[in-house]
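>>> Below are the sequence and a predicted model; questions follow.
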Amino acid sequence: MHNLNAYRPQQMEMLSGTDINKCMKCGRCSAACPSAADMDIMPHQFVSYLARGDVDSLLNSNSLWQCLSCFACVQRCPRGVMPANLIEAARLMAIRPKGQEHLTIEEASAMLEPDMPQQLIIAAFRKYL
């Protein structure tokens with residue numbers, strides 16, 4: 001029997017369209033991120049966690065929901081790694097464990113916190129409801 005968890009890093013790379021081997025861990029993406037101060041895993045660390053195969057930490061990170069999807073990290077990357085795409089792929093994997101494509105309004109409401117950026121809330125409702 002195959003271990004499906006072993007395929008999750010490859011699934012995240014495929015969903016994101018990102019080659020994590022291109023990352024030189026310069027940290028420019030994290031330096032450009034307007035939400036970095038509120039993240040427990042910085043954008044450049046997403047690549048490192050994925051390279052180690054630690055998808056569970058990424059899926060349980062509050063950084064998934066703090067990312068504004070502003071793509072400042074993508075613009076600053078000298079190698080075109082696209083950390084925002086990795087974060088979006090992790091979001092998709094986090095909301096699809098039950099085979100569902102979308103969250104219910106009740107599930108989405110339970111995730112909201114009063115200090116979340118409005119841009120994040122609007123983007124989440126567009127994508128997940």
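Received it, and whenever you're ready, just let me know what you need. Numbers count the residues shown, from 1 in each chain.

>>> and the longest helix anywhere in the chain, which residues are buried?
Of all segments of type helix in the chain, defined using DSSP state H, the longest is helix 83-95. Applying a neighbour-count criterion of 16 or more other C-beta atoms under 10 Å, the buried positions in helix 83-95 are 83-95. Where C-beta positions appear, they are placed from N, C-alpha and C, glycine not excepted.

>>> now for the residues you listed, which pair is the farthest apart?
Farthest-apart pair in the buried residues of helix 83-95 is P83 and I95; separation 19.1 Å (C-beta to C-beta).

>>> Could you check how far the spatially most central residue of the chain is from G17?
The centroid of the chain falls nearest to I87 when counting by C-alpha atoms, centre = their mean (1.5 Å). Using C-beta to C-beta, to the nearest Å, I87 is found at 13 Å from G17.

>>> Where does the prediction get shaky in the protein?
Along the chain, the model assigns pLDDT under 70 to residues 1-7, 96-105, 108, 119, 122-129.

>>> hey, where'd the helices end up in it?
In the chain, the helices defined using DSSP H lie at 8-16, 28-32, 43-52, 55-59, 63-66, 72-76, 83-95, 105-111, 118-128.
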